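**Student:** predicted model, plus sequence, below.
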Amino acid sequence: MDVVFLSRLQFAITIMFHYLFPPLTIGLSVLMVMAEGWYLKTKDLRYLSIARFWTHLFAINFALGVATGIVNQFQFGTNWATYSRFIGDVFGTALASEGIFAFFLETGFMGVVVFGWNRVSPRLHFFSTFMVMFGGMFSSVWIVLANSFMQTPAGCRIVGEGPHARAEVTDFWAMVFNPSFTIRLTHVLLAAFVLGAFFTLAVGAYYVARKRYLETSKSMVSLSLYFAAVTTTMILFSGDTHAREVAQFQPGKLAAFEGHFVTETTPTQLYLIGFPSEKERKVKFGIYIPKLLTFLCYHNLTTPVPGLDKIPESDWPPVLPCFASFHLMAGLGTYLFGVAWLGVFLHRRGKLYDKRWMMALFILGLPSAYACNEAGWVAAEVGRQPWVVQGMLRTSHANSHSVPAEQVLISIIMFSCVYAVMGVLWLYALHRKIQHGPEDPATLKVGPHTSLDGILESAADRQDPLQSRVTEEAE
């Protein structure tokens with residue numbers, strides 16, 4: 001009944017459940033913009049049907065993302081009071097900016113996107129969809145900023161001592177553009193794009209395999225497939241840049257990722273699979289590529305990579321979870337890259353839609369993309385341990401000292417039950433929408449080309465009848 005462990009477990013459960021939704025809505029919003037934009041360019045009603053269908057799926061995930069995200073912010077005050085006091089000047093700014101500038105922007109246009117079909121002009125609706133996409137990405141900027149500061153703090157100083165110590169911002173822009181911010185933001189957004197692409201690709205592949213909505217679903221697959229191919233390629237380059245940043249600023253994390261216990265005088269190998277043993281200080285049953293880790297970190301074949309023996313053992317991250325989550329992320333990412341480009345190859349040859357096994361690979365890509373996103377965050381956060389703010393505040397010193405372990409355990413059980421119900425309802429709602437499918441393009445009715453002024457005039461015309469009578473009598 002260790003209160004720090006239980007508090008970490010609770011945050012892991014709530015944040016990993018929450019993270020089922022934000023990356024999907026970010027990636028899905030980009031595809032919605034692409035589908036609507038292609039409809040405006042070609043007037044092909046299939047893409048209007050696709051955009052409207054994806055909007056329904058987006059709305060379900062957006063609602064669950066909002067509901068589950070609120071819980072995580074409250075945990076900072078309940079379970080992590082010392083951490084909140086220490087980093088409040090930095091974290092508070094980022095969270096407030098996310099709520100004021102990004103979340104309100106996204107939700108403000110959300111109503112037009114969901115309910116504006118046939119009520120506003122296609123161009124105004126497209127603009128609203130674009131703003132929802134931009135709001136989601138802008139929201140991720142502030143969240144990743146706060147997390148990147150915890151990984152590579154910069155632009156601040158520590159004021160006070162002991163339990164009253166806190167980080168104070170001395171250079172705002174140095175804090176914002178800390179060494180890992182832009183690299184991590186790029187990687188997080190690309191991972192969200194990959195998830196969105198494989199979500200829509202899996203749905204379209206399901207329809208093709210069942211021979212339902214064939215014309216629309218084939219367009220759905222082709223649009224998603226090329227987006228998946230581009231984003232999985234880009235994230236490989238992003239991952240390479242990210243690995244070199246970790247090697248420079250968090251060498252202990254990189255060593256844990258690779259089970260690299262002892263610094264060698266020769267170039268370092270990269271393990272593909274294995275079982276790292278902290279007790280024996282080696283990777284058991286490992287399969288590796290010689291010198292590859294050195295090449296990826298330094299782009300040469302001579303420089304050895306520092307091992308865990310270069311840092312105090314009290315500062316080691318837990319090696320096995322780091323090794324497993326990192327290799328799971330890298331392995332699944334490679335799988336998604338291969339599936340996407342194999343699909344492009346078959347599509348270019350005109351043989352894609354005849355391959356049921358290819359549709360099955362697309363469908364399997366969805367849980368793989370989810371696991372890849374979750375494993376990446378586990379690797380990043382567990383790899384930072386035992387620090388909650390790298391080099392400044394230990395996780396063991398960051399919890400709320402007035403909250404007993406029993407209360408944290410009870411809340412874990414309650415949250416787990418509530419989230420289990422929410423998960424079932426989420427899957428049920430998605431199942432209903434997917435089974436219903438997109439609308440038949442032939443039956444779609446394109447709404448009136450209403451301008452923003454027209455919307456305001458319409459609202460004025462629909463004012464309360466009693467108020468209209470009072471106005472007439474006054475005149």
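**Tutor:** Looks like it came in fine.
**Student:** which helix or strand contains the spatially most central residue of the chain?
**Tutor:** Closest residue to the average C-alpha location of the chain: residue 23 at 3.3 Å, with C-alpha atoms, centre = their mean. Using DSSP states H and E, residue 23 sits within helix 22-42.
**Student:** residue ranges in this protein under the pLDDT threshold?
**Tutor:** 446-475 (pLDDT under 70).
**Student:** redo that, cut-off 50
**Tutor:** Applying pLDDT under 50 to the chain flags residues 450-463, 465-466, 469-470, 474.
**Student:** so how far is residue 317 from residue 191?
**Tutor:** To residue 317, residue 191 is 21 Å away according to C-beta to C-beta, to the nearest Å. Heads up, the C-betas are built off the backbone N, CA and C, glycines and all.
**Student:** how about residue 108?
**Tutor:** Distance from residue 108 to residue 317, by C-beta to C-beta: 41 Å.
**Student:** who's more crowded, these two?
**Tutor:** Higher neighbour count among residue 108 and residue 317: residue 317, with 24 against 13, using other C-beta atoms under 10 Å.
**Student:** distance from the chain centre to the helix ranked longest in the chain, please.
**Tutor:** Using DSSP state H, we find that the single longest helix of the chain is helix 214-249. Centroid separation between helix 214-249 and its chain, computed with C-alpha atoms, centre = their mean, to the nearest Å, is 13 Å.
**Student:** what's the answer for stretch 69-86, then?
**Tutor:** Taking the mean of its C-alpha atoms, stretch 69-86 sits 21 Å from the chain's own mean (C-alpha atoms, centre = their mean).
**Student:** in the helix holding residue 23, what counts as buried?
**Tutor:** The neighbour-count check on helix 22-42 (16 or more other C-beta atoms under 10 Å) flags 22-36, 38-40 as buried.
**Student:** now swap in stretch 246-259 and tell me
**Tutor:** For stretch 246-259, by 16+ other C-beta under 10 Å, it's 246-247, 249-259.
**Student:** and the helices in the stretch 151-300 of the chain, which stretches?
**Tutor:** In the stretch 151-300 of the chain, helices defined by DSSP state H, counting those that start in this stretch lie at 172-176, 181-210, 214-249, 251-257, 292-298, listed in chain order.
**Student:** beta partners of residue 159?
**Tutor:** residue 166 (DSSP bridges).
**Student:** quick revisit: what about the closest residue to the residue nearest to the centre of the chain other than its chain neighbours, how many neighbours?
**Tutor:** Closest residue in space to residue 23, ignoring its immediate chain neighbours: residue 192 at 3.7 Å, by C-beta to C-beta, 6 or more residues apart in numbering. Using other C-beta under 10 Å, residue 192 has 25 other residues around it.
**Student:** surely residue 192 is in contact with residue 24?
**Tutor:** Yes. Between residue 192 and residue 24 there is a contact under C-beta atoms under 8 Å: 7.5 Å.
**Student:** isn't residue 144 up against residue 191?
**Tutor:** No. With contact defined as C-beta under 8 Å, residue 144 does not reach residue 191; the gap is 11.2 Å.
**Student:** and these two? which has more neighbours close in?
**Tutor:** residue 191 (25 against 20).
**Student:** quick one: the more buried one and residue 23 touch, right?
**Tutor:** Yes. Using C-beta under 8 Å, residue 191 makes contact with residue 23 at a distance of 6.3 Å.
**Student:** so what sits against both of those two?
**Tutor:** Common neighbours of residue 191 and residue 23 (criterion: C-beta atoms under 8 Å, 6 or more residues apart in numbering): residue 373.
**Student:** isn't the residue nearest to the centre of the chain right next to residue 197, touching?
**Tutor:** No. In this structure residue 23 lies outside contact range of residue 197 using C-beta under 8 Å: 11.2 Å.
**Student:** all strands of the stretch 251-400 of the chain, in order?
**Tutor:** 270-277, 282-289, 387-389, 393-394 (DSSP state E, counting those that start in this stretch).
**Student:** turn these into a markdown table, columns for mean neighbour count and distance to residue 368.
**Tutor:** Formatted as a markdown table, the strands of the stretch 251-400 of the chain follow (neighbours: other C-beta atoms under 10 Å; distance: least, C-beta to C-beta, whole Å):
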| stretch | mean neighbour count | distance to residue 368 |
| --- | --- | --- |
| strand 270-277 | 17 | 17 |
| strand 282-289 | 13 | 21 |
| strand 387-389 | 22 | 30 |
| strand 393-394 | 18 | 35 |
